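J.: coordinates only, sequence not included:
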């Protein structure tokens, strides 16, 4: 139950931070800003989805985590890390061709890693993990 | 590895929820086990066999 609530707390903190970011942005929001917010909202929606799943398990009297969910999380982490290396490689390659500030490039990388993690989790959660 | 969890569950008149609570896992794990999308740990296999009052090899069939 505590872990389910923790997910909501982290998601709320992220939303508050994004709200502060928008409030402190001077002038109109550019396409990259809006795209960034969109990706952050997707990541928050993913976290809320996991939180609701855990809450539903807790309400049914089941554990919020078990051996399958832990295995899925472990496999997701390793797969997402492996794919993220290629993401950073691509970012390094394209950063020389596109004129972007360093903090924008790092932001794209971090958001990209979050999206890769979410996609890997969704795939593994629905396909399952066979014996390896 | 195949298993006969669904068959035993029907025999004991247990729902997936009931079995999940008895072996202390989430219902999704039982769903994945029945669909052969996940091979359980030895402990979970033992717990499931104990719920059905039988041996592990009666429920989990090694190919």
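T.: Ah, there it is. Please read these numbers as outputs of a predicted model, since none were measured by experiment.
J.: Excluding chain neighbours, give the residue nearest to residue 61 in space.
T.: Because you didn't say which chain, this covers chain A. residue B:21 (5.9 Å; CB to CB, 6 or more residues apart in numbering or on different chains). Glycine gets a C-beta too; all of them are placed from N, C-alpha and C.
J.: right idea, wrong chain: chain B
T.: residue B:2 (4.6 Å).
J.: So which residues make contact with the longest helix anywhere in chain B?
T.: In chain B, taking DSSP state H as the definition, the longest helix is helix B:42-51. By CB atoms under 8 Å, 6 or more residues apart in numbering or on different chains, the residues outside helix B:42-51 that reach it are A:67, B:5, B:12, B:14, B:19, B:22-25, B:29, B:33, B:40, B:55-56, B:58-60.
J.: Mind pulling up the pLDDT for the spatially most central residue of chain A?
T.: Geometric centre of chain A, nearest residue: residue A:114, 3.2 Å, by CA atoms, centre = their mean. Looking at residue A:114, its pLDDT reads 89.
J.: can I assume it is in contact with residue A:44?
T.: No: here residue A:114 does not reach residue A:44: they are 9.9 Å apart, not a contact under CB atoms under 8 Å.
J.: What residues does chain A have near chain B?
T.: Residues of chain A lying near chain B by CB under 8 Å from any CB of the partner chain: A:57, A:60-64, A:66-69, A:127-131.
J.: Just the buried ones from those residues?
T.: Buried members of the residues of chain A next to chain B, scored by 16 or more other CB atoms under 10 Å in any protein chain shown, are A:57, A:62, A:63, A:64, A:66, A:67, A:68, A:69, A:128, A:129.
J.: I'd like those as TSV, with secondary structure, pLDDT and distance to residue A:104 appended.
T.: Formatted as TSV, these follow (DSSP: H, G, I helix; E, B strand; the rest coil; pLDDT from 0 to 100; distance: CB to CB, whole Å):
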residue	secondary structure	pLDDT	distance to residue A:104
A:57	helix	80	39
A:62	coil	81	43
A:63	coil	85	41
A:64	coil	82	37
A:66	coil	87	40
A:67	helix	90	41
A:68	helix	90	38
A:69	helix	89	35
A:128	coil	82	38
A:129	coil	81	36
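J.: Thought residue B:34 was touching the residue nearest to residue B:61, still the case?
T.: No: using CB under 8 Å, residue B:2 makes no contact with residue B:34, being 10.5 Å away.
J.: re earlier: does the residue nearest to residue A:61 really touch residue A:66, like I thought?
T.: No: counting by CB under 8 Å, residue B:21 sits too far from residue A:66 to count as a contact (11.6 Å).
J.: Let me see the ranges of the helices in the chain.
T.: In the absence of a named chain, chain A is used. A:2-24, A:31-59, A:67-95, A:102-127.
J.: not what I meant, chain B
T.: B:5-11, B:16-23, B:27-34, B:42-51, B:56-59.
J.: out of the ones you listed, which comes closest to residue A:6?
T.: helix B:27-34 (20.3 Å; CB to CB).
J.: Give me the buried positions along that closest one.
T.: Going by 16+ other CB under 10 Å, helix B:27-34 has these buried residues: B:27, B:28, B:29, B:30, B:32, B:33, B:34.
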